[in-house]
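Engineer: show me the folded form of this:
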Amino acid sequence: QVQLVESGGGLVQAGGSLRLSCVASGSIFSIDAMSWYLQVPGKQRELVASITSYGSTNYADSVKGRFTISRDNAKNTVYLQMNSLKPGDTAVYYCNARIRPRTIPLPHDYWGQGTQVTVSS
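Structural biologist: Reported below is the predicted structural model:
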C-alpha cells in the first residue's frame, strides 16, 4: 500500500508565502517524478510544477519565479515553496508521484488527498 499525504495549505494574504509538503509512504521500491497540481471548482486539474528524481524541474508559466519545487529523496518528500502569492493561486493543491511499489513491477501514478490554499486580497 502506497500513500501520499500533503500538508501546509491554509489561508494567507496576497504577497505572502506558504510551503506545501507531500510525503510518500508504504511499500516503495523507487520514486520517479514528483509533481504538484492545482484544481479550482469546475476546471480540470493542471500542472503547477514537477521534479525528476535527478532534480530537473519544470514549472507552469503562471508560477515561474514565484514557486520552487524541491524534493528530499531520503525522506520520499516533495515540497512546494510558494512566494508572492496571488488570489488567483487559490485552489486545492494535489501531490502526484510516479512510484514503483515493491509488490508491482511497473510504475504507477499516485495522488494525495489535496490541500486547500486560499489567498485573500
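
Engineer: pick out the residue closest to the middle of the protein.
Structural biologist: Trp36 (2.8 Å; C-alpha atoms, centre = their mean).

Engineer: would you mind measuring from that residue to Arg102?
Structural biologist: Trp36 sits at a distance of 25 Å from Arg102 (criterion: C-beta to C-beta, to the nearest Å). For the C-beta atoms, the positions are set from N, CA and C on the backbone; glycine is no exception.

Engineer: and the end-to-end length of stretch 11-27?
Structural biologist: One end of stretch 11-27 sits 34 Å from the other (C-alpha to C-alpha, to the nearest Å).

Engineer: chain center to stretch 57-70: distance?
Structural biologist: How far stretch 57-70 lies from its chain's middle: 11 Å, per C-alpha atoms, centre = their mean, to the nearest Å.

Engineer: ok, stretch 33-48 next?
Structural biologist: Per C-alpha atoms, centre = their mean, the centroid offset for stretch 33-48 relative to its chain is 9 Å.

Engineer: buried set for it?
Structural biologist: Buried positions in stretch 33-48, judged by neighbour count with 16 or more other C-beta atoms under 10 Å: 33-38, 45, 48.

Engineer: what does stretch 67-84 give?
Structural biologist: So stretch 67-84, judged by 16+ other C-beta under 10 Å, has buried residues 67-69, 71, 76-80, 82.

Engineer: from the residues you listed, which land in strands?
Structural biologist: Among the buried residues of stretch 67-84, the residues falling in strands (DSSP state E) are 67-69, 71, 77-80, 82.

Engineer: nearest to Ile28 among those?
Structural biologist: Thr77 (12.0 Å; C-beta to C-beta).

Engineer: and the closest one, how far from Ser7?
Structural biologist: For Thr77, the distance to Ser7 (C-beta to C-beta) stands at 10 Å.
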